[in-house]
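Here is a sequence with its predicted model. Questions after.
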Amino acid sequence: MAMTAHVVFSALDPAHPATTSATIIQQVIRGVIGFQGLLMSDDVSMNALAGSIAERTRAIVTAGCDMVLHCNGKLDEMREVARETPELSGMALERAETGAGVAQAAAGRSTGWRRGLNWMR
């Protein structure tokens, strides 16, 4: 698992922070670096990105992050993030399952990670 940052790499994408940049995520992180694991955004609630929580969440997902991190504990915002974040499927689900399997094997147990994914929907 890896996390994006809300930083602008102006030489690569002057219009978008890395978290909302399809160029950074697809071409640099997935392409040049070759990272194929689960990719999580930096905290969507830290107000480092423009727009509402819903707009930020959609931009993060559209850019290519698999999961959206929300940290401030405001339940109304958490629900909004959950509504705007699609259920894991396809490659994102495969990356999550692979990562969960590795973590469970390392811990020597099964944690039932799927139960917590959509509890607020």
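Received, thanks.

from the chain's centre, how far out does the longest strand along the chain sit?
If you go by DSSP state E, the chain has its longest strand at strand 39-43. Offset of strand 39-43 from its chain centre (CA atoms, centre = their mean, to the nearest Å): 4 Å.

Please renumber the chain so that the first residue is 279 from this point on.
Let's use 279 as the start, then, which means that last one is strand 317-321.

Against which helices or strands is the very next helix or strand once past it packed?
Of the helices and strands lying after strand 317-321 in sequence (DSSP states H and E), the nearest is helix 331-341. On a contact count with 3 or more CB pairs under 8 Å, 6 or more residues apart in numbering; DSSP states H and E, helix 331-341 meets strand 345-347, helix 353-362. Using the backbone N, CA and C atoms, a C-beta is placed for each residue, glycine as well.

any chance of the ones you listed in a markdown table, plus mean neighbour count and distance to A289?
Output for these, formatted as a markdown table (neighbours: other CB atoms under 10 Å; distance: least, CB to CB, whole Å):
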| stretch | mean neighbour count | distance to A289 |
| --- | --- | --- |
| strand 345-347 | 19 | 26 |
| helix 353-362 | 15 | 30 |
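
Quick check: which of those is nearest to A374?
Across the helices and strands packed on helix 331-341, A374 has its closest neighbour in strand 345-347 (7.7 Å, CB to CB).
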